[in-house]
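S.K.: give me coordinates for this.
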Amino acid sequence: MKLTRKQVLSRAKASDLDSVRKLNCWGSRLTDISVFHELPNIEVITLSVNSISTLEPISRCQNLTELYLRKNNISNLSELYYLKLLPKLKILWLSENPFCCPDPHRYRMTVLRNLPNLHKLDNQAVTVDEVSKAITEGEEFTAPPIEISDTENGLPEPTTEHNCAEVVTESENDLLNFSMEETNKIRQQLGMKPLPRDKFSPFSSPMEASGSRKKKNNILNAILLLLKDLDTESLEIVQRTAENRIHQLQRKELQEER
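M.R.: Model prediction:
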């Protein structure tokens, strides 16, 4: 069932979507909550006991402070990535979703690693000690969940390994050409020197193109492309996150040297 604008306005007793601050849709058999793309000012959302499987629409709710999602169908922990985009989120209830099992400790550590500013998770206060442990015991998500592939959607697979390699290589080259041009525009706007092609795509064969260096370049390019769409507050979040990550890597390097 899809949550509609009309339902939101009726439940929130509001005249327009911009004025909605709180919304309670507990036990409403919801599967589609895309309307949250249009609720930038909402602060408290109650969606427990529904059939929601993705958190992407909620990522637009930049003023959200409390989110209740107990007993839904969220099966992939990487959906937490979307909640990392909410700078004011303090209270979160996610228990009794499929991704909470079979290891509750790993689940809690992973949530806190990605959302270290939470005050309460699943009706239990978050401690400083837990947040510290989460750095090493939880998994961090730095990109959105991978979409279902064409094969999983029932589309035919390439008939041979050769055909598959040709398709991948062609699409990767198109993506690299586009990304290099766009990335260099962003770098110039940021006062950075444009990247020459040999630095941007340092691979000479399809085998090399599948390496970790290629992956890192693609991640960097994606980040640079997104920067132009961020406002000051969002860029400050990116800056803080990057600084925290640098400190983590520096601590890891020091530990390895010892």
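S.K.: now do the contacts for H37.
M.R.: By CB atoms under 8 Å, 6 or more residues apart in numbering, H37 lies in contact with P57, R60. All C-beta spots, glycine's among them, are computed from the backbone N, C-alpha and C.
S.K.: please tell me how far it sits from L224.
M.R.: 24 Å (CB to CB, to the nearest Å).
S.K.: likewise for E137?
M.R.: Counting by CB to CB - E137 and L224 are separated by 31 Å.
S.K.: C61 too?
M.R.: Using CB to CB, C61 is found at 26 Å from L224.
S.K.: so between the two, which is more surrounded?
M.R.: C61 (23 against 20; other CB atoms under 10 Å).
S.K.: hang on, that one packs against L47?
M.R.: No: applying CB atoms under 8 Å, one finds C61 not in contact with L47, separated by 11.6 Å.
S.K.: got a list of contacts for the helix or strand where Y82 lies?
M.R.: Secondary structure from DSSP states H and E places Y82 in helix 80-83. The contact list for helix 80-83, computed with CB under 8 Å, 6+ apart, reads 54-56, 58-59, 67, 89, 92, 110-111, 114-115, 141-145.
S.K.: how about the helices in the stretch 51-200 of the chain?
M.R.: 80-83, 104-114, 128-137, 161-189, 197-200 (DSSP state H, counting those that start in this stretch).
S.K.: weakest of the ones you listed by average pLDDT?
M.R.: Among the helices of the stretch 51-200 of the chain, helix 161-189 carries the lowest mean pLDDT, at a mean of 47.
S.K.: ok, P144 to I135 distance?
M.R.: Remark: distance between P144 and I135 (CB to CB) = 22 Å.
S.K.: who's in contact with K133?
M.R.: With the criterion set at CB under 8 Å, 6+ apart, K133 makes contact with M109.
S.K.: try it again at 10 Å.
M.R.: H105, R108, M109, L112, R113, T127 (CB atoms under 10 Å, 6 or more residues apart in numbering).
S.K.: check C61 too.
M.R.: So C61 contacts 36-43, 45, 67, 83, 85-86, 88-89 (CB under 10 Å, 6+ apart).
S.K.: 6 Å instead?
M.R.: By CB atoms under 6 Å, 6 or more residues apart in numbering, C61 lies in contact with F36, L39, I42.
S.K.: quick one: the strands in this structure, in order.
M.R.: Taking DSSP state E, the strands of the chain run over residues 22-24, 44-46, 66-68, 91-93, 120-121, 124-125.
S.K.: these: which one's closest to T241?
M.R.: strand 91-93 (18.0 Å; CB to CB).
S.K.: name the nearest residue to N72, sequence neighbours excluded.
M.R.: I52 (4.4 Å; CB to CB, 6 or more residues apart in numbering).
S.K.: just checking, the one you found touches S75?
M.R.: No: contact criterion CB atoms under 6 Å: I52 and S75 do not qualify, at 10.9 Å.
S.K.: of those two, give the one with the bigger neighbour count.
M.R.: I52 (22 against 13).
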